[in-house]
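*Asks:* Turn this into a structure:
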Amino acid sequence: MEYINLGQSGLKVSRLCLGTMNMGSKQWKPWIFDEAQSEPLIRHALESGINFIDLADFYSSGAGEEVVGNVISRIANRDDLVLTTKVGYPIGSGQNNQGHSRKHIMASIDASLKRLKTDYVDVYMLHYFDVNTPVEETWAAMDAIVRSGKARYVGVSTMYTWQLAKILWCCERNGFTRPINMQLQLNCAYREEEREMIPFCRDQGLGVSVFSPLARGLLSCDFHSTRNTTDFFTQEMYSDATSLEIAQSVSRVAAMRGVPPAQMAQAWVLNHPGVDCMLVGADSVQQIDSALAALETRLSDEERYELERNYTPCDVINDYTAGKRISRAARAAQGIFIDETTTRKIA
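*Replies:* You can find the predicted model right below:
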């Protein structure tokens, strides 16, 4: 296992981070693993040298934290691990059960610690940027949590670059603790964060951890898996023709190597110069082993070209574009232009 300092902090984390969105309660999603199914995955990850575990209170509406907390309390030394959890999405009921108000953040950290059976988390993260709460209010609450000892560090996830810049400006102006990590989506089929967010994080000294290296399962090339056929977000984000062509390229490169497609897709992420850590959401110990193998997989120029040649720009994937994303395929003409597009060409 390789270990690095996360951002400009002294916190040492494994380059592979165990993602836990698939752990919790099947009542939440059909592809979720219960505690008995999750324990072998967590155990194998720890035995493989992974010390970094990513959670969120939103996963299985809190049951994900409970499951992981129960397993860790049985099989691991808490202080050997780096636990991160996130706050923001709805959990529970009521008008203040979501977002990044001081009320919700303060209630959420206590609830997460209780479910995780620990006195602190190592990194407490915003799950997104809440446009309905003043950034000063949000970050004053995050700073207070660090000062109280309930979190050692803070981090952020899934936002526009200007929003991260606003947070850093707020921290500098008010003397608040700065985030040490940005968690973002990056894979062969989605590379928009290369434009501004990754260079900005490098410039500002934030670590970069990547989720969805397999494009929510698409790049495993198992097109008929439960996840690929039942996950609404997979269909929204990666059902376009370009994404499918990229998946075919991943499959071709993997076949030439004689390795699983997932390993090649993960190797592309881990070889990316802007990436520090990669989240691994595994349904089996073999999938964890595939990620471990990807750590040692180096890409040739020809392989990299094949993996990247089909990529075309697309709109950003985040909370603000959910349900409104523009397909990479051309949209049909409307209104008075319907006949024009079929009978005339641009001169």
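*Asks:* residue boundaries of the strands in the stretch 51-200 of the chain?
*Replies:* In the stretch 51-200 of the chain, the segments counted as strands under DSSP state E, counting those that start in this stretch are 52-54, 82-87, 121-126, 151-157, 181-185.
*Asks:* What is the neighbour count of residue 77?
*Replies:* Neighbours of residue 77 under the rule other CB atoms under 10 Å: 8. Heads up, the C-betas are built off the backbone N, CA and C, glycines and all.
*Asks:* And for the one 4 residues further on?
*Replies:* In terms of burial, residue 81 registers 17 neighbours under the definition other CB under 10 Å.
*Asks:* need the contact list for the closest residue to it other than its chain neighbours.
*Replies:* Excluding its sequence neighbours, the residue lying closest to residue 81 (CB to CB, 6 or more residues apart in numbering) is residue 51, at 5.5 Å. Residues near residue 51 by CB atoms under 8 Å, 6 or more residues apart in numbering: 3, 12-14, 80-82.
*Asks:* repeat for residue 43
*Replies:* So residue 43 contacts 71, 75 (CB under 8 Å, 6+ apart).
*Asks:* From residue 127, how far off is residue 133?
*Replies:* 13 Å (CB to CB, to the nearest Å).
*Asks:* More neighbours: which of the two?
*Replies:* More neighbours surround residue 127 than the other of residue 133 and residue 127, with 22 against 18 (other CB under 10 Å).
*Asks:* Which residue, other than its chain neighbours, is closest to that one?
*Replies:* Residue 127 sits nearest to residue 88 (CB to CB, 6+ apart), 3.5 Å away.
*Asks:* how close does the one you found get to residue 311?
*Replies:* Applying CB to CB to residue 88 and residue 311 gives a distance of 29 Å.
*Asks:* Have a look at these two and say which one is more surrounded.
*Replies:* residue 88 (25 against 17).
*Asks:* how deep is residue 165 tucked in, by neighbour count?
*Replies:* Residue 165: 14 neighbours (other CB under 10 Å).
*Asks:* thinking it is in contact with residue 200, fair?
*Replies:* Yes. With contact defined as CB atoms under 8 Å, residue 165 and residue 200 form a contacting pair (7.1 Å).
*Asks:* if we can go back for a sec, just send the strands of the stretch 51-200 of the chain back as a markdown table, with distance to residue 332 and mean pLDDT too.
*Replies:* As requested, the strands of the stretch 51-200 of the chain are exported to a markdown table (distance: least, CB to CB, whole Å; pLDDT from 0 to 100):
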| stretch | distance to residue 332 | mean pLDDT |
| --- | --- | --- |
| strand 52-54 | 40 | 98 |
| strand 82-87 | 38 | 98 |
| strand 121-126 | 38 | 98 |
| strand 151-157 | 35 | 98 |
| strand 181-185 | 28 | 97 |
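*Asks:* and those strands as CSV, adding distance to residue 172 and mean neighbour count?
*Replies:* Shown next, in CSV, are the strands of the stretch 51-200 of the chain (distance: least, CB to CB, whole Å; neighbours: other CB atoms under 10 Å):
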stretch, distance to residue 172, mean neighbour count
strand 52-54, 27, 26
strand 82-87, 23, 26
strand 121-126, 17, 25
strand 151-157, 15, 23
strand 181-185, 17, 24
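*Asks:* Figure out which of those strands is closest to residue 28.
*Replies:* strand 82-87 (15.7 Å; CB to CB).
*Asks:* Test for you: state the pLDDT assigned to residue 30.
*Replies:* Residue 30 carries a pLDDT score of 89 in this model.
*Asks:* which residues sit against stretch 288-305?
*Replies:* By CB under 8 Å, 6+ apart, stretch 288-305 touches 1-2, 15-16, 18, 41, 44-45, 48, 50, 253, 256-257, 259-260, 262-264, 266-271, 278, 280, 282, 307.
*Asks:* Can you pull the poorly scored residue ranges out of the stretch 51-200 of the chain?
*Replies:* When the per-residue scores of the stretch 51-200 of the chain are filtered using pLDDT under 70, no range remains.
*Asks:* how about the helices of it, start to end?
*Replies:* 63-75, 102-116, 135-148, 161-174, 197-204 (DSSP state H, counting those that start in this stretch).
*Asks:* Show me how far the longest one is from its chain's centre.
*Replies:* For helix 102-116, the distance between its averaged C-alpha position and the chain's averaged C-alpha position is 21 Å (CA atoms, centre = their mean, to the nearest Å).
*Asks:* now do stretch 177-197
*Replies:* 9 Å.
*Asks:* returning to what we had before: and of the helices of the stretch 51-200 of the chain, who's closest to residue 210?
*Replies:* helix 197-204 (9.6 Å).
*Asks:* what packs against that closest one?
*Replies:* Secondary-structure packing of helix 197-204 (3 or more CB pairs under 8 Å, 6 or more residues apart in numbering; DSSP states H and E): helix 161-174, strand 181-185, strand 207-211.
*Asks:* Nearest approach to residue 25 belongs to which of these?
*Replies:* Taking the helices and strands packed on helix 197-204 one by one with CB to CB, strand 207-211 is closest: 20.5 Å.
*Asks:* could you give me the average pLDDT of the closest one?
*Replies:* So the average pLDDT for strand 207-211 ends up being 98.
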